[in-house]
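J.: Just to be clear, the model below is a prediction. Sequence and coordinates:
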Amino acid sequence: MDVNTSPRTDDAPLSLDRPVHRLSPDSADLHHDATVMRDAGPVVPVTLPGNVPVWAVTRDAVARTVLRAPDVFSSDRRYWRALQAGDIPADWPLMGLAAPQGRSLITVDRPDHSYLRGPLATVFTEKRVRALTPLIEEVTDRLLDQLAAAAHASADGTADFRTQVAWPLPMTIICHLLGVPESDHAMLRERFEVLFDDTQDPTDAVAGLSAYLHRHLERMRRTPGDDLTSALLNLSGGKRLTDPELVAALQVLIVAGHETTVHLLVNAVRALTAHHEQLALLRAGEIAWERAVEEVLRWDPPTANFLLRFATRPATLGDTAIQAGDPVMISYIAMGRDPERFGPTAGRFDIRHVRSHTSFGYGIHVCLGAPLARLEGRIVLERLFKRWPGLTVTGTPRRSPTVLMNSYTSLPVRLALADDRPADTRTEA
C-alpha cells in the first residue's frame, strides 16, 4: 500500500499537492485504501493512477451534499482547472470515465440533464423492469445449468461464477432491452473490460463502442422492434434526441444495466459464503433476499470510487477548503462503512440490520439501472443458494486492475448439496 509519508503538522491545511494516500490499480484491498482515506477525514486529498490529484469524499453525509448541489459541484469537465491547463494527459487511462467528452447523463447537469434523462425515464420504467422477472428467472436457470456443467467438466470440480453467471446474466438482460443481438455480447464485453481497466488506454475501445452503437441505431431504424432503442428512436417533439445523444444514452444504459450488477453478484456470493448463519436465515425464509442485496450494496459496493465532480466556485466541505476547478471523487467504498452514518458496527456485514445507503448515487444523477440490478441480484442469489446451499468460494479471487470498480477477474466456486445436473439430464420425481 502506497501511503504518502511527506511531513505535515496536524494543523497544516489539507492540500491537493500533499495526498494522504495514493490509489493504485494494483491494490490488493480497496477496503484498506478506504479505511486509510476515511481515517484521514471526511474530505481528503488522494492521487489516482497516473498521479492525478483529487479530493476524496469518505463520509455519506458530505457525499450527499456534493451530489445534490450540481451548481457547485458540476459534472462538466470544462470546470476542471488542471484539465484546461493541459496538466492531464489526453491518453490518461481514466479519462473516459473521469471526464468523458460529449453530452450524456453523466457529463451534464440541469437543465440539460433533465432533457437527456427524461426520455430514458419514460422508456426505462419500473413497470418495464418488473415485467422482466420471468425472463431473468429463465436466463438465470439456464446459466446455473451451464455453471453446473462447467463444474462437472473441470478437473477439480470448480467453475467460475463470474464468467458463467455474473457477467452473462446482466449483459443478456440489458441487451434484450436494447435489441442488441447475442452475437455481439462478447465484443461488448471486450470493450467494457478495457474501459474499466486503469492500466489500458481506452481510446480504441471507446471509439469502437461508439461506432458499434451508431451501427446499432441504423439497424434499429431499418428493423424496429419492441425494445428501448426503438422506443428512443420513436420519441417525438421536444423529447427527440440526436444520434450522438442516443449513442451516449445507450452506452450509459449498458453500463448502468450491466457493470454494477456483475460486481454486485460476485461480492454478494463472497459475502454470503463467508457468513453461513446469515445465509441460513435467508434460505429459511426468515429474512428476505432483498435485504441481503441491500446490505451487500452498502458493505461491499460494486462501485468503489466514482469520478468526478468539479467545483464551479470556492466551497467548503466539512472543514476542507475546495478551490474553484478542484476535482472531487465520491468514495462509495469508504462511505459504506462510515461510522458517522452507520454507527460503531458499520464494518460488520449483517443482513438482520440493513440500513439505507448511497451506493447507487444521490440526487439527479442517481443510477437509472438500480431497480434492475436489485431485481437481478435477488433472483440470482435466491436461485443459486436454493440449488447449492453448500456452495463455497475456492481460493483467493484476484482483484480487477481498477480503483473505480470493486471487482474481481473471476470467482471460482465449488457446488454442493443439490442436484447440479443440467436441466435436460434430469427426470421428474
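T.: Structure's in. What do you need? This structure is a prediction, so every number in the text was calculated from the model and none was measured.
J.: can we go C-alpha only for contacts and neighbour counts from here?
T.: Will do.
J.: residues near residue 207, how many?
T.: 11 (other Cα atoms under 10 Å).
J.: Sorry, wrong one. I was asking about residue 374.
T.: The burial count for residue 374: 17, using other Cα under 10 Å.
J.: Low-confidence stretches in the stretch 201-350 of the chain?
T.: Along the stretch 201-350 of the chain, the parts satisfying pLDDT under 70 run over 236-238.
J.: need the strands for it, in chain order.
T.: 305-311, 315-317, 320-322, 327-331 (DSSP state E, counting those that start in this stretch).
J.: can you put these in CSV and add mean neighbour count and distance to residue 239?
T.: Formatted as CSV, those follow (neighbours: other Cα atoms under 10 Å; distance: least, Cα to Cα, whole Å):
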stretch, mean neighbour count, distance to residue 239
strand 305-311, 24, 27
strand 315-317, 13, 35
strand 320-322, 18, 37
strand 327-331, 27, 31
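J.: Residue 411: which of the ones you listed is closest?
T.: strand 305-311 (21.7 Å; Cα to Cα).
J.: angle of that closest one against strand 327-331?
T.: If you take axes from the mean of the first three to the mean of the last three Cα atoms, to 10 degrees, strand 305-311 sits at 150 degrees to strand 327-331.
J.: ok, and what's touching strand 305-311?
T.: Residues from elsewhere that reach strand 305-311, judged by Cα atoms under 8 Å, 6 or more residues apart in numbering: 72-77, 79-80, 97-99, 322-333, 403-405.
J.: so what's residue 103 scoring on pLDDT?
T.: Confidence at residue 103, expressed as pLDDT, is 73.
J.: What is the burial count for it?
T.: As a measure of burial, residue 103 has 19 neighbours, counting by other Cα under 10 Å.
J.: Could you do residue 30 as well?
T.: Residue 30 has 26 nearby residues by other Cα under 10 Å.
J.: Quickly note the distance from it to residue 375.
T.: 26 Å (Cα to Cα, to the nearest Å).
J.: list the contacts for the residue most central in space within the chain?
T.: Nearest to the mean C-alpha position of the chain, by Cα atoms, centre = their mean, lies residue 260 at 3.2 Å. Residue 260 sits next to 302, 303, 373 when contact means Cα under 8 Å, 6+ apart.
J.: hang on, the earlier thing: show me which of the contacts of strand 305-311 are buried.
T.: 72-77, 79-80, 97-99, 322, 324-333, 403-405 (16 or more other Cα atoms under 10 Å).
J.: Backbone dihedrals for residue 393, please?
T.: Backbone torsions of residue 393, given as degrees, to the nearest 10, read phi -90, psi 130.
J.: residue boundaries of the helices in the stretch 101-250 of the chain?
T.: In the stretch 101-250 of the chain, helices defined by DSSP state H, counting those that start in this stretch lie at 112-123, 126-130, 133-153, 161, 168-178, 185-195, 203-222, 228-233, 243-254, listed in chain order.
J.: For residue 96, which residues are in contact?
T.: Residues near residue 96 by Cα under 8 Å, 6+ apart: 195, 202, 203, 206.
J.: what's the most distant pair in those?
T.: Using Cα to Cα, the contacts of residue 96 span at most 8.6 Å, a distance reached by 195 and 203.
J.: buried stuff in stretch 86-96?
T.: 88, 92, 93, 94, 95, 96.
J.: For residue 290, give its distance to residue 266.
T.: Computed as Cα to Cα, the residue 290 to residue 266 distance reads 16 Å.
J.: Between those two, which is the more surrounded one?
T.: residue 266 (23 against 17).
J.: surely the more buried one meets residue 412?
T.: No: when contacts are counted by Cα atoms under 8 Å, residue 266 is not listed as touching residue 412 (10.2 Å).
J.: what residues do those two have in common as contacts?
T.: 161, 162.
J.: So for stretch 127-135, mean pLDDT?
T.: The model assigns stretch 127-135 a mean pLDDT of 91.
J.: Which residues does it contact?
T.: Against stretch 127-135 from outside (Cα under 8 Å, 6+ apart): 173, 371, 372, 375.
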